[in-house]
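A.B. asks: based on what follows, work out the 3D shape:
(2 chains)
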Protein chains: 2
Amino acid sequence: MRLIVIGGVAAGTKAAARARRVNPDLDITLYQDDSEIAYSACGQPYYLSGVVTRRESLIIRQPKDFIKDGIDIRLRHRVESIDIFGSTVTVLDRNTGKVSAEHYDRLIIATGSRNMIPDIAGRDLDGVASLRSIGDMDRFHEVLQRLKPRSAVVAGSGYIGLEMLESLSQLGIEVTLLGRNRQVFSRLDTEMSQLLHDYLLKQNVKIITGDAISELRGHAGRVTTIATCAGIVLPTELVMLALGARPNVALAEQAGIQLGKTGAIAVNERMQTSAANVFAAGDCVESRHRLTGHAVWQPLGDIANLQGRVAGENAAGGDAHFPGVFGTSIVKTFNLHIGLTGLTEAAAQKAGFNTASMVITGRDKARYFPGSREITLKLVAEADNGRLLGAQAVGTGSIDKLIDIVATALMGRLTCHELENADLAYAPPFSPVLSPVILAAAGLCKQIKVNKSNHDCRDV
Amino acid sequence: MRLIVIGGVAAGTKAAARARRVNPDLDITLYQDDSEIAYSACGQPYYLSGVVTRRESLIIRQPKDFIKDGIDIRLRHRVESIDIFGSTVTVLDRNTGKVSAEHYDRLIIATGSRNMIPDIAGRDLDGVASLRSIGDMDRFHEVLQRLKPRSAVVAGSGYIGLEMLESLSQLGIEVTLLGRNRQVFSRLDTEMSQLLHDYLLKQNVKIITGDAISELRGHAGRVTTIATCAGIVLPTELVMLALGARPNVALAEQAGIQLGKTGAIAVNERMQTSAANVFAAGDCVESRHRLTGHAVWQPLGDIANLQGRVAGENAAGGDAHFPGVFGTSIVKTFNLHIGLTGLTEAAAQKAGFNTASMVITGRDKARYFPGSREITLKLVAEADNGRLLGAQAVGTGSIDKLIDIVATALMGRLTCHELENADLAYAPPFSPVLSPVILAAAGLCKQIKVNKSNHDCRDV
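C.D. replies: So this is what the prediction gives:
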């Protein structure tokens, strides 16, 4: 029985490895358009800044590691079409130019995503860079080395944009953030986003919001100026386009495989597509949000790994299920940490929930313990019954712990009344005596009690 | 209506503050035997080592902060008896020597715990110290300043013993750990405890296990030698007794208030004792273990705060519940972090569970990210259905996050099958792409699947 995997960054390699472990007899071939597989895309900003010094360290597993496991890795092989009725894929070997038709019994599509690059004048000028594949990183690195820019505009205030503000600053480059939305990192509720905004200003980041690039201008082929829709004209020596991404679905779409509402490939809990024996995983698929039930597109490395594992297991004859996502994510910019899980208050209200929320500012260790740092946490719950809906955290402290506690609480469908008595790990080097999560949950309980006067807080 | 609170470290002050917030009209008096209230006992090792430089920073709230809230704080007042039928307490004012009988409508007992000091020869020699109250800390500090010991024996390998190994080492003192049990920090499963043992040896801690002090000998009133039951004779300039603690229940017992199996005061979920209108909280009470249902004694600062809050709320006319504990705790010794939540495998088996377990070693950030550190995690689950029973973690990395994730999972009664698809916060500075918790849960799932061949992993 032959398994073909298309794509070899996170989901594809994870799927192949898992399939091998589940079924040692499977014939597994992985086609990767690029020259490299199994690398950490998330580590790229840290290589560009010099925080990660060795490019090789971003390569999680080498082709030889897969070959040793009996997985046939074909680099620079582009799958050009899928025939779901004939159970074959057409593959172009970019090394030789040869095209062949390959039969599969099971197919896993893990074609990932690509950056959205707007159709603006000047986007091909030297000094205009973006980041997704390891090839993008190499080109970006080369540009930084050769041009040694002293100023940069980062267009886009999502994860990669925020990370690159730090990376470029660390290289001594003056950075300007240009965001389309009125608030920076628009995933957050306004008051939480404002904390990030204020912090970035303190790091000497210039911020332009509610605006977008209209044109890039250059001299002698090299970018020199950015012009915005609102009429701002700014000299710059580097432009990073971090304007979001789209799932790579052309192959699937042309094969007649069903896409979902988000535009990504629709899959069920077993990561099966609409086509028989065809699975998909990673950035090219959409997921079910576990609180709203809605389809969402969440192209993140950890989700790609989880989904790849499920797709690989099922393609090899197992029966694994991916339950969906809570939209958990985290990002570091300079020394500020920003994270969220579940629904923001705005998103929860939009989804029809009657919400209560609590924002508290505390510290990540006992106040008197050296190195304790600030954390602001917002907890959101259903006003009617206290069921947790989400958390957002911003601070220089260890917000990752708070987000993960709430992400786990969401899995357990816990209420704020349960969380306010959580038995968490306390010692002065690790936490205040009562975690900010407990304090915020207790604050929510009081509100919900007041909302429902004459009702016991516990009985809701 | 008058509320009297006996004891003013963690649970007592928290209870008084909460009662005030719930009922602004309450007449609240807090009697504290000591001269100080509301201090962090957990911070003491860090003051002794010099990591925390200001003694005042360990005082969380000053008496004046309580007085401002209309809480009558009586320092150096010792409650000598409780009459549960007459609803009065007899109080000795240690400042004046006067004794008075004070009526209460509600009473909260928060008398804390005391160290177990064995009845051995030489225990009163100069250079023999222990740590619980802030008075103990002051005496210990004075001894360190005056004697400037170059060697020390720490008797007891619990939380305080482990912390003091680090504190004394930081002062340049050569330390020997003397533990009664065959393993260091006996709360852990053997293989996890061994990691701690090996680490301590690398820090040049001498370790003697399965032995105890038989006698302390001195010269000119000052300790010089420790002799053990096994016949070891060791010269030393300082002896710290960290041999565990017992709840302070004499007042309650003499009043006819029921004690539990552990010897601590028995309370229900509302923190009510067997006596009408008498509540108790903190180190003097026992708790219900949420996995076994058994009574356990868990004298920890965070639990005291949670219980104090519940007792205060209820004493003021509210209706709060404390659901019990999972035995979550954490300790740092040198740069090693040791934590646990729920049941160890040994404890789970003793409680009658059929267990499966998984130990994995990973890192706390992406492997290539500078400063990523090692973590070993053991997850324990019910072999029959995968329900999580507990976690232990040892490592130089951020194990507190892993412990808190599992503590929250225990609240939600999650299985390893749910945890292996957790949507946790990933970015390279915060976590490997898949958290060690997810990897360990996935490992457990595989075992449980194998145990139940022909059964779907998800259907158990």
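
A.B. asks: helices along the stretch 201-350 of chain A, start to end?
C.D. replies: A:250-254, A:301-315, A:345-350 (DSSP state H, counting those that start in this stretch).

A.B. asks: for B:Ala220, find the nearest of the ones you listed.
C.D. replies: The stretch from the helices of the stretch 201-350 of chain A with the least distance to B:Ala220 (Cβ to Cβ) is helix A:301-315; that distance is 64.0 Å. Yep, even glycine has a C-beta here, placed from its N, CA and C like the rest.

A.B. asks: which strands or helices does the closest one pack on?
C.D. replies: Applying 3 or more Cβ pairs under 8 Å, 6 or more residues apart in numbering or on different chains; DSSP states H and E, we find helix A:301-315 packed against helix A:11-22, strand A:106-109, strand A:278-280.

A.B. asks: picking up where we left off before, could I get the helices of the stretch 201-350 of chain A in a markdown table, plus columns for mean neighbour count?
C.D. replies: Formatted as a markdown table, the helices of the stretch 201-350 of chain A follow (neighbours: other Cβ atoms under 10 Å in any protein chain shown):
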| stretch | mean neighbour count |
| --- | --- |
| helix A:250-254 | 17 |
| helix A:301-315 | 28 |
| helix A:345-350 | 18 |
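
A.B. asks: tabulate those helices (CSV), appending mean pLDDT.
C.D. replies: Converted to CSV, the helices of the stretch 201-350 of chain A look like this (pLDDT from 0 to 100):
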stretch, mean pLDDT
helix A:250-254, 98
helix A:301-315, 97
helix A:345-350, 98
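
A.B. asks: could I get these as JSON lines with distance to A:Thr209?
C.D. replies: Converted to JSON lines, the helices of the stretch 201-350 of chain A look like this (distance: least, Cβ to Cβ, whole Å):
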{"stretch": "helix A:250-254", "distance to A:Thr209": "33"}
{"stretch": "helix A:301-315", "distance to A:Thr209": "27"}
{"stretch": "helix A:345-350", "distance to A:Thr209": "17"}
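
A.B. asks: now render the helices and strands packed on helix A:301-315 as TSV, adding mean neighbour count and distance to A:Asp400.
C.D. replies: Below are those laid out as TSV (neighbours: other Cβ atoms under 10 Å in any protein chain shown; distance: least, Cβ to Cβ, whole Å):
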stretch	mean neighbour count	distance to A:Asp400
helix A:11-22	26	22
strand A:106-109	29	30
strand A:278-280	29	29
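
A.B. asks: so for chain B, which of the ones you listed sits nearest?
C.D. replies: helix A:11-22 (8.9 Å; Cβ to the nearest Cβ).

A.B. asks: and the contacts of the closest one?
C.D. replies: Outside of helix A:11-22, the residues within contact range by Cβ atoms under 8 Å, 6 or more residues apart in numbering or on different chains are A:3, A:5-6, A:8, A:26, A:28, A:30, A:32, A:37-38, A:60-61, A:66, A:69-71, A:108, A:110, A:112, A:279, A:281-284, A:304-305, A:307-309, A:311-313, A:315-318.

A.B. asks: angle of it against helix A:301-315?
C.D. replies: 40 degrees (axes from the mean of the first three to the mean of the last three Cα atoms, to 10 degrees).

A.B. asks: show the subsequent helix or strand relative to helix A:11-22.
C.D. replies: Next in sequence after helix A:11-22, counting helices and strands by DSSP states H and E, comes strand A:27-32.

A.B. asks: elements contacting that following strand?
C.D. replies: Applying 3+ Cβ pairs under 8 Å, 6+ apart, we find strand A:27-32 packed against strand A:2-6, helix A:11-22, strand A:71-75, strand A:77-83.

A.B. asks: reformat the ones you listed as JSON lines; add mean pLDDT.
C.D. replies: JSON lines is the format used below for those (pLDDT from 0 to 100):
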{"stretch": "strand A:2-6", "mean pLDDT": "98"}
{"stretch": "helix A:11-22", "mean pLDDT": "97"}
{"stretch": "strand A:71-75", "mean pLDDT": "97"}
{"stretch": "strand A:77-83", "mean pLDDT": "98"}
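
A.B. asks: mind putting those in CSV, distance to A:Gln349 included?
C.D. replies: Formatted as CSV, these follow (distance: least, Cβ to Cβ, whole Å):
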stretch, distance to A:Gln349
strand A:2-6, 40
helix A:11-22, 33
strand A:71-75, 47
strand A:77-83, 41
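
A.B. asks: okay, which residue is most central for chain A?
C.D. replies: Most central in chain A under Cα atoms, centre = their mean is A:Leu300, positioned 3.1 Å from the mean C-alpha point.

A.B. asks: for it, list the residues it contacts.
C.D. replies: Taking Cβ under 8 Å, 6+ apart, we find A:Leu300 in contact with A:Ser329, B:Tyr426.

A.B. asks: 6 Å - rerun?
C.D. replies: If you count contacts by Cβ atoms under 6 Å, 6 or more residues apart in numbering or on different chains, A:Leu300 has none.

A.B. asks: got a pLDDT number for it?
C.D. replies: With respect to pLDDT, A:Leu300 has a value of 96.

A.B. asks: name the nearest residue to the residue in chain A that chain B sits nearest to, ignoring sequence neighbours.
C.D. replies: Residue of chain A nearest chain B, by Cβ to the nearest Cβ: A:Gly412 (1.6 Å). Leaving aside its sequence neighbours, A:Gly412 sits nearest to B:Gly412 (Cβ to Cβ, 6 or more residues apart in numbering or on different chains; 1.6 Å).

A.B. asks: can you give me the neighbour number for the one you found?
C.D. replies: 18 (other Cβ atoms under 10 Å in any protein chain shown).

A.B. asks: wait, doesn't it sit right on A:Thr415?
C.D. replies: No - the criterion here is Cβ atoms under 6 Å, and B:Gly412 misses it with A:Thr415 at 10.7 Å.

A.B. asks: show me where the stretch 201-350 of chain A has strands.
C.D. replies: Taking DSSP state E, counting those that start in this stretch, the strands of the stretch 201-350 of chain A run over residues A:206-208, A:213-219, A:222-228, A:233-235, A:239-241, A:245-247, A:278-280, A:287-288, A:295-296, A:329-333, A:336-342.

A.B. asks: show me which residues of the third one are buried.
C.D. replies: If you call a residue buried by 16 or more other Cβ atoms under 10 Å in any protein chain shown, then strand A:222-228 has these buried ones: A:Val223, A:Thr225, A:Ile226, A:Ala227, A:Thr228.

A.B. asks: what's the answer for the second one, then?
C.D. replies: Neighbour-count burial for strand A:213-219 flags A:Ile213, A:Ser214, A:Leu216, A:Gly218 (criterion: 16+ other Cβ under 10 Å).

A.B. asks: and the angle for that strand with strand A:222-228?
C.D. replies: 150 degrees.

A.B. asks: which residues touch strand A:213-219?
C.D. replies: Here strand A:213-219 has contacts from A:Ile120, A:Ala121, A:Gly122, A:Leu125, A:Ala155, A:Val223, A:Thr224, A:Thr225, A:Ile226, A:Ala227, A:Thr228, A:Cys229, using Cβ under 6 Å, 6+ apart.
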